[in-house]
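Novice: model the following, please.
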Amino acid sequence: MPVHPVRDKKGKIKGYQWGKKGKVYRGRGAKAKAEAQGRAAKAAQARRKGA
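Specialist: Presented below is the predicted three-dimensional model:
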(Lines give C-alpha, C1' and ligand atoms only; values in the text may rest on other atoms or scores of the structure.)
Protein backbone atom coordinates (compact mmCIF):
# COMPACT_ATOMS: atom_id res chain seq x y z
CA MET A 1 0.00 0.00 0.00
CA PRO A 2 1.48 3.35 -0.93
CA VAL A 3 1.19 6.59 0.98
CA HIS A 4 -1.61 8.68 -0.46
CA PRO A 5 -3.06 12.13 0.22
CA VAL A 6 -6.36 12.32 2.06
CA ARG A 7 -8.62 15.06 0.74
CA ASP A 8 -11.53 16.92 2.28
CA LYS A 9 -14.86 17.44 0.51
CA LYS A 10 -13.49 20.50 -1.30
CA GLY A 11 -10.58 18.52 -2.72
CA LYS A 12 -7.94 20.15 -0.54
CA ILE A 13 -5.25 17.84 0.88
CA LYS A 14 -6.04 17.25 4.55
CA GLY A 15 -3.14 14.90 5.34
CA TYR A 16 -1.39 11.68 4.34
CA GLN A 17 -2.29 8.09 5.07
CA TRP A 18 -0.65 4.72 4.49
CA GLY A 19 -3.12 2.17 3.19
CA LYS A 20 -6.90 2.34 3.24
CA LYS A 21 -7.30 2.34 7.01
CA GLY A 22 -5.34 3.91 9.81
CA LYS A 23 -4.15 7.23 11.06
CA VAL A 24 -4.19 10.33 8.90
CA TYR A 25 -1.03 12.31 9.55
CA ARG A 26 -1.25 16.10 9.30
CA GLY A 27 1.18 18.99 9.50
CA ARG A 28 4.93 19.06 9.05
CA GLY A 29 6.47 15.70 8.31
CA ALA A 30 3.09 14.08 7.72
CA LYS A 31 4.17 12.21 4.60
CA ALA A 32 7.34 10.96 6.29
CA LYS A 33 5.35 9.73 9.30
CA ALA A 34 2.93 7.86 7.05
CA GLU A 35 5.89 6.28 5.20
CA ALA A 36 7.39 5.22 8.54
CA GLN A 37 4.09 3.55 9.46
CA GLY A 38 4.23 1.65 6.17
CA ARG A 39 7.78 0.46 6.82
CA ALA A 40 6.79 -0.70 10.32
CA ALA A 41 3.81 -2.61 8.94
CA LYS A 42 5.99 -4.34 6.34
CA ALA A 43 8.56 -5.26 9.01
CA ALA A 44 5.85 -6.71 11.26
CA GLN A 45 4.49 -8.69 8.33
CA ALA A 46 7.97 -10.11 7.62
CA ARG A 47 8.41 -11.08 11.28
CA ARG A 48 5.09 -12.95 11.26
CA LYS A 49 6.03 -14.85 8.10
CA GLY A 50 9.46 -15.77 9.47
CA ALA A 51 8.16 -17.05 12.81
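Novice: OK, contacts around the residue most central in space within the chain?
Specialist: Centroid-nearest residue in the chain, with C-alpha atoms, centre = their mean: Trp18, separated by 2.1 Å. Residues in contact with Trp18 (C-beta atoms under 8 Å, 6 or more residues apart in numbering) are Met1, Pro2, Val3, Ala34, Glu35, Gln37, Gly38, Ala41. In this view, the C-beta of every residue, glycine as well, is placed from N, C-alpha and C.
Novice: and for Val24?
Specialist: When the contact criterion is C-beta under 8 Å, 6+ apart, the partners of Val24 are Val6, Lys14, Gly15, Tyr16, Gln17.
Novice: how does it look with 10 Å?
Specialist: Applying C-beta atoms under 10 Å, 6 or more residues apart in numbering, we find Val24 in contact with Pro5, Val6, Lys14, Gly15, Tyr16, Gln17, Trp18, Ala30, Ala34.
Novice: those residues: which two are farthest apart?
Specialist: Lys14 and Trp18 (14.7 Å; C-beta to C-beta).
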